[in-house]
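Asks: based on what follows, work out the 3D shape:
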Amino acid sequence: METMLDERSLSKLKWRCRRGLLENDLFIERFFRRHEETITMRQADGLQALMDLPDNDLLDLLLARCEPQGDIDLPEVHEVLAQLRTAPKIPN
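Replies: Sure, this is the predicted structure:
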């Protein structure tokens, strides 16, 4: 079983995820609304790696214009990226 992120670490992660581009913030806010209660240390690591990117590079990944390459081509990055890209379900 994977280790869940504790409340203090989650708070730090949220602060770290603040971005300069509104578009990125919208993806990230939606991610936290959906997954805040279940974020694991592994997912936090993946999210941290994505946050090291410049805003425009991150947006390209979020919009699936490209895929992770080089240092961020990691399973945990792909996992979090898939969660970030998942569109909200529209009620009928």
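
Asks: make it CA atoms for all contacts and neighbour counts henceforth
Replies: Noted.

Asks: surely Leu59 forms part of a helix?
Replies: Yes: counting by DSSP: H, G, I helix; E, B strand; the rest coil, Leu59 is found in a helix.

Asks: thought it was touching Leu22?
Replies: No: using C-alpha atoms under 8 Å, Leu59 is not in contact with Leu22, being 10.1 Å away.

Asks: ok, and for the helix or strand hosting Arg33, which residues are buried?
Replies: Under the criterion of DSSP states H and E, Arg33 resides in helix 22-35. Residues 24-25, 27-31 are the ones in helix 22-35 that count as buried (16 or more other C-alpha atoms under 10 Å).

Asks: same check on stretch 43-63?
Replies: 43-47, 49-51, 55, 58-59, 61-62.

Asks: show me the contacts for the closest residue to Leu59 other than its chain neighbours.
Replies: Leaving aside its sequence neighbours, Leu59 sits nearest to Asn24 (C-alpha to C-alpha, 6 or more residues apart in numbering; 6.0 Å). By C-alpha atoms under 8 Å, 6 or more residues apart in numbering, the contact set of Asn24 is 55, 58-59, 62.

Asks: now Gln48
Replies: By C-alpha under 8 Å, 6+ apart, the residues touching Gln48 are 13, 16-17.

Asks: take the buried residues of helix 22-35 and lay them out in TSV including pLDDT and distance to Thr3.
Replies: Shown next, in TSV, are the buried residues of helix 22-35 (pLDDT from 0 to 100; distance: C-alpha to C-alpha, whole Å):
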residue	pLDDT	distance to Thr3
Asn24	96	26
Asp25	96	26
Phe27	95	24
Ile28	96	21
Glu29	95	22
Arg30	94	22
Phe31	96	19
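
Asks: sweet, I'm off.
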